[in-house]
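Build me a model from this:
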Amino acid sequence: MTKTNPLQRLVGRFERALKTGRLVRPGDRIVVAFSGGSDSSALLALLLEIREKWSLDLVLAHLDHRLRKGAAADVRFARETARRLGLRACLGRADVKGLARERRLNIEEAGRLVRYEFLAKTAREVEASRVATGHTLTDQAETVLMRLLRGSGRSGLTGIHPEKDGLIIRPLLDFERRELRAFLKKRGWTWREDESNRDPSFLRSRIRRELIPLLEKKFEPAAVRHLAQAAAILRDENAVLADLAGRRARAVLSRDESGPVLDRTRLRRIPAGLRRLVVRVFIRELKGDLRDVSFKDVEAVAALGPNKEIVLNSGLILRREGDRISRKRPPRPAPRFDFLWDGRGILPIPGAGFSLRGRFLSGRPAGSLDFDDERRAYCDASRLSFPLRVRKRAAGDRYRPLGAPGAKKTKEILRAKKVPLAMRDRLPVVCSEGRIVWIPGLPAAEEFRVKPGTKKILLIEKSAR
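Coordinates of the predicted model:
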């Protein structure tokens, strides 16, 4: 029997990973994500080992994230590697910090987002069927630990998947970084070190440099492989549970004009563990994916009270009415209005759901008139100039409410009174010669307060239609 050397055995394992995972077919054009580090270099080297046998067409892709001092040198290294190997190189550049600020993401998340967008774009441009990334068994263990520490559920603990969206493949998930580096050294390959891998401000870096070595030294020498194995087991089990959750979801989900609707009564009859998975099915149908959906989000949806709303991490707003939970319909834009009013009779307010009703009183009603009443306002008619103007709220509106020491911005008063955002631009602002008299729901203006000597009073009331 012919004995194979360690390098041949490693190449053989790589081929088996491609075959058993159905990751690559003979004749495929593959975009190889190449950072210049040891993982992506090992991926490229292994693909080159089988390129002729599998008739593969390889395209090298490198993205400059504009984050590191050595980024320009990385680009040169990628370009020179492609030239030396006779490969086509696709080089890109992205403003990761700018994207992180714009979308309120951390640097790691923004970098991952632009990286995959660049790789998908490159695949389209070169008409590649696959994009290969150099994620390793070591990356898998780091990811599982990172997500465990952040409180991920079963789905998060499945780690990095070997294939994603029918395009991304990760053929090195069964290979530890140390054995890949040994392979590169034997083949005479060099690689670049990313200094961010040693930056303690990144959780992944601390896990890589501190936690994993501690686990291997003090607890379990095979910790990395066991963590990756646990992720693989969870992936298989999660696929079964996802199928079960999908079938149970059909019994609790319906649709209306806003999209999927979740029946909370039926949901409560499902065991808690499966209930969470059904809620995840509901959220995925609403937003198309589960990005930025946390365990807290899922629990909060399941526990949402009657006539309550919840804003998920992703910005999705859900509302429960009765036993139905659905996406909150965006409010219709508030209609514009601007009326002149003599203060008498009923004045309908478009979009507000109520009218204003005015009448003049010749005598002072019994009791104090100096109170905050969202339904009515008593005003000294002698201080008003008619016709009154009734308009929508405008930027910069301010006035002095009854009893207040000075003027305040109306937006601050509305916020303090917890008037719903959707209602604020629908409220009428009653004005006299440009000065605010009253906004329903807020105190009347101090300037038009009824005093002991007031002879004529205008009463403005909020009236149901």
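
The closest residue to residue 287 other than its chain neighbours: neighbour count?
Once flanking residues are discounted, residue 287 sits nearest to residue 316: 5.6 Å by CB to CB, 6 or more residues apart in numbering. Every C-beta, even on glycine, is put in place using the N, C-alpha and C of the backbone. Neighbours of residue 316 under the rule other CB atoms under 10 Å: 17.

now swap in residue 269 and tell me
As a burial measure, residue 269 scores 11 neighbours (other CB under 10 Å).

Distance of it relative to residue 251?
Going from residue 269 to residue 251 by CB to CB, to the nearest Å gives 9 Å.

Residue 312 now?
Using CB to CB, residue 312 is found at 23 Å from residue 251.

the more surrounded of those two?
Just comparing residue 312 and residue 251: by other CB under 10 Å the higher neighbour count belongs to residue 312, 19 against 13.

tell me the contacts of the residue nearest to residue 287?
Applying CB atoms under 8 Å, 6 or more residues apart in numbering to residue 316 gives the contacts 283, 286, 287, 327.

Among the residues you listed, which ones are in strands?
Of the contacts of residue 316, the ones assigned to strands by DSSP state E are residue 327.

And the contacts of residue 316, which is the shakiest by pLDDT?
Checked by pLDDT, the contacts of residue 316 have residue 287 as the lowest-scoring entry (82).

Tell me where the stretch 301-450 of the chain has helices.
410-416, 421-424 (DSSP state H, counting those that start in this stretch).

got a list of contacts for the shortest one?
Right, helix 421-424. Residues outside helix 421-424 that contact it (CB under 8 Å, 6+ apart): 331, 352, 393, 411, 414.

Just the buried subset of the residues you listed, please.
Buried by 16 or more other CB atoms under 10 Å: 352, 393, 414, out of those.

out of those, who's nearest residue 277?
Of all these, residue 277 sits closest to residue 414, with 40.8 Å by CB to CB.

Correct me if wrong: that closest one contacts residue 442.
Yes: assessed by CB atoms under 8 Å, residue 414 is found in contact with residue 442 at 7.1 Å.

low pLDDT regions in the chain?
Within the chain, the segments meeting pLDDT under 70 span 1-4, 330-331, 366-373, 465.

Let's verify residue 460: helix, strand, or coil?
strand (DSSP: H, G, I helix; E, B strand; the rest coil).

Got the domain ranges for this protein?
6-229, 257-327, 338-464 (automatic domain parsing).

Can you tell me how far the most centrally placed residue in the chain is from residue 327?
Nearest residue to the geometric centre of the chain (CA atoms, centre = their mean): residue 314, 3.3 Å. Distance of residue 314 to residue 327, given as CB to CB: 12 Å.

Then residue 337?
According to CB to CB, residue 337 and residue 327 sit 29 Å apart.

and if you look at residue 9?
According to CB to CB, residue 9 stands 54 Å off from residue 327.

Then residue 235?
Taken as CB to CB, the span from residue 235 to residue 327 is 30 Å.

could you say which helix or strand contains residue 181?
Residue 181 belongs to helix 177-187 when elements are defined using DSSP states H and E.

helices and strands around that helix, which ones?
When contacts are defined as 3 or more CB pairs under 8 Å, 6 or more residues apart in numbering; DSSP states H and E, helix 177-187 packs onto helix 6-20, helix 38-54, helix 137-149.

make it 6 Å
Applying 3 or more CB pairs under 6 Å, 6 or more residues apart in numbering; DSSP states H and E, one finds that helix 177-187 contacts helix 38-54.

What strands line up against the next helix or strand after the helix it packs on, and which way round?
Moving toward the C-terminus from helix 38-54, the first helix or strand encountered (DSSP H and E) is strand 57-64. Paired with strand 57-64 in the same sheet, following DSSP bridges, are strand 29-33 (parallel), strand 88-93 (parallel).

Quick one: end-to-end length of stretch 355-374, please.
By CA to CA, to the nearest Å, the extent of stretch 355-374 from end to end equals 13 Å.

now do stretch 349-356
The first residue of stretch 349-356 is 7 Å away from its last residue (CA to CA).

Also stretch 202-217?
This stretch, stretch 202-217, spans 22 Å end to end (CA to CA).

tally of neighbours for residue 449?
Neighbour count of residue 449, defined by other CB under 10 Å: 18.

what's the nearest residue to it if we skip its chain neighbours?
Distances taken as CB to CB, 6+ apart place residue 402 nearest to residue 449, at 6.2 Å, with adjacent residues excluded.
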